[in-house]
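Novice: Need coordinates for the below:
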Amino acid sequence: MENKKIIFKLGQFPHLSETFILAQIITAIKWGFDVKLIVDKLLDFESSKQQDLLTKYEIKDKIILEEYKIPKNRIIRILKWFVLLFFNLKNVNQIFKYYKAHSKFSLTWLYQWVFYNQFNDVDIFHVQYGTNSGILSLLKKVGFKPSLVVSFHGHDAIFPISGFIPNNGYYDNLFKYGDLVAVNTPYLAEILIDLGCPEKILTIVPVGVDTDFFHPNKIKRDDQISRLITVGRLNIVKGHIYAFHAVKKLKLEGLDFKLTVVGEGPERENLESYIRDNNLTDSIVLVGSKSREEIRELLWDNDIFLLSSVSLHNGKSTETQGLVTIEAMACGLPVVVFDSGGVKYTLENGISGFICDEYNIDCMATKIKRLVDDNSTLIEMGNQAHYFANKNYSQKMVDAKWQTIYNRLINER
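Specialist: Modelled structure (predicted):
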C-alpha cells in the first residue's frame, strides 16, 4: 500500500473518548499509507492522555485544519470569490453542480469546494461519525474521486441527532453516493437500514481492543472486599444511578464491596448527592477521567465490571457496542450489563457475563451477588471473558478487516 493516500475526517481532535479512532489512524500509518487528518477543531495536545502515541507517530504534523480562509470583510470576500472562480474555470461545470446541490446560494460553497479539491487525488476519505460526512457526500455527488468511507458510532444515527438535528433526508446523499458505510454491531446496522442505507454498501466492523495492552494481570490483594468497576462518561444515558441502586440493595443485604466509577461529565453532582444521601461514601467512589494506562491498572485491581447504560426516550440506545465492556473482558473481568443497544453482542450471556433487562436493578444485584458468592464462577467467567474478547474483538482481527476493505476500495477505483 506504499504511497496510497488516506485522509481521516474528524470533528474534534485529539479526544479522550475516541482512542479507537487514534488506533485506526496509527494502523493506517503502519500499513504505509500517506495519512492526513482533516480536523474541524483542534483540541489541546498537552492535555491529551495519549500524548505518547500522538508523539511517537507524529500525529500533529499530519493534521490539516478545515479552514476555508474566507475573508471577514464582505467586499474582499466577494472579490476573492471571483478570483477563485477565475483560477478554477476549467472546473466550472463541477463547481456549478456543487452549487446546484445546495438548496441556497452562498459564497462559502466555492471556498469549501476549493479547499477539498486539493485532495481530489487521495485514494480514500474515511469519515468518523456520520455527522461529519455531509460535505463529502455532496462532493461525491458532483464527481469527487476519492472513495468515501463513513463510520457510524451511535448517536450520529439516532434522530434528532444531539437533540435538535431532524431527519429531513439528512443522509440521503451519503446513502446514494457513498462507497461504504461501517457500523460496529448488527444493532446499529438495523438502525441505518431503517434510515434508508442500502445493505450493499453497509458492513459490520467492530471497534477493536488492543488485547496486547488489555490483558489479565490479577493483582493479589490483602483485603477480601469485592471490587466492582464501571467506566464511562457521567451522562444520564450511561445509567450510573441504576448501578448505584443495585449497589445500595446489596449493601442492605450485608455485602462488603467497593464500586469504582471512572469518568467525568454533567451527572457528577447528581451522583455525588445520591452517594451522600444514601450513606454510600465508603462503598462508591468517583475517580474522574483516567488515561488508558490508569484504566488498565484499575481493571486489574477489580473483580467485576458493570455497564448500566439505558435507552433514550425514543427507545434507541447510543450504546451501540460498549467498548469499555470488551476492554474489561480482555483484562479477565466477568461483566454484568443492561441489555441496551448493541451491548449484548459483546459477551455471551451466562458464559462470560450476565445480561439484564434495562432498568432491572434486582437482576443486576442478583448477578453481582452470584459472582461474589461463588469464586469458581467468578474465575471461570473471567477466563471466558478474556477468551471471547480476544477471539472476537482483538485490534489485530479488526485491523485485518479494515485492510481488506481498504484494498478492495483502492482496487475498484
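Novice: Can you list the buried residues in the helix or strand harbouring residue 52?
Specialist: Under the criterion of DSSP states H and E, residue 52 resides in helix 51-56. For helix 51-56, a neighbour-count test (16 or more other C-beta atoms under 10 Å) marks 53-54 as buried. Backbone N, C-alpha and C define where each C-beta goes, glycine included.
Novice: Low-confidence stretches in this protein?
Specialist: The chain contains residues with pLDDT under 70 at 1-2, 16-17, 219-223.
Novice: Touching the helix or strand just after the helix holding residue 52 from outside, list them.
Specialist: Next in sequence after helix 51-56, counting helices and strands by DSSP H and E, comes strand 63-65. Contacting residues not belonging to strand 63-65 are listed as 13, 36-40, 42 [C-beta atoms under 8 Å, 6 or more residues apart in numbering].
Novice: quick one, phi/psi of residue 150?
Specialist: Dihedral angles of residue 150 (phi, psi; degrees, to the nearest 10) stand at phi -130, psi 120.
Novice: Enumerate every residue touching it.
Specialist: Per C-beta under 8 Å, 6+ apart, neighbours of residue 150: 126-127, 130, 133, 174, 178, 180-182.
Novice: would CSV of those with secondary structure be doable?
Specialist: Converted to CSV, these look like this (DSSP: H, G, I helix; E, B strand; the rest coil):
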residue, secondary structure
126, strand
127, strand
130, helix
133, coil
174, helix
178, coil
180, strand
181, strand
182, strand
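Novice: can you redo these as TSV with neighbour count?
Specialist: Shown next, in TSV, are those (neighbours: other C-beta atoms under 10 Å):
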residue	neighbour count
126	26
127	27
130	26
133	26
174	25
178	24
180	20
181	25
182	25
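Novice: Would you format these as CSV with distance to residue 304 included?
Specialist: Below are these laid out as CSV (distance: C-beta to C-beta, whole Å):
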residue, distance to residue 304
126, 36
127, 37
130, 34
133, 39
174, 40
178, 41
180, 38
181, 36
182, 32
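Novice: picking that back up, show me just the buried residues among the contacts of strand 63-65.
Specialist: Buried among the contacts of strand 63-65 (16+ other C-beta under 10 Å): 13, 36-39.
Novice: Among those residues, which lie within strands?
Specialist: Per DSSP state E, strands hold the following members of those: 13, 36-39.
Novice: Using PDB, write out every CA atom in the helix holding residue 52.
Specialist: Listed next in PDB are the C-alpha coordinates belonging to helix 51-56 (Å, rounded to 0.1, in the frame of the first residue of the first chain):
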ATOM      1  CA  GLN A  51       0.500  12.000  24.300                       C
ATOM      2  CA  ASP A  52       2.900   9.100  24.000                       C
ATOM      3  CA  LEU A  53       1.100   7.800  20.900                       C
ATOM      4  CA  LEU A  54       0.500  11.200  19.400                       C
ATOM      5  CA  THR A  55       4.200  12.000  19.700                       C
ATOM      6  CA  LYS A  56       5.500   8.600  18.600                       C
END
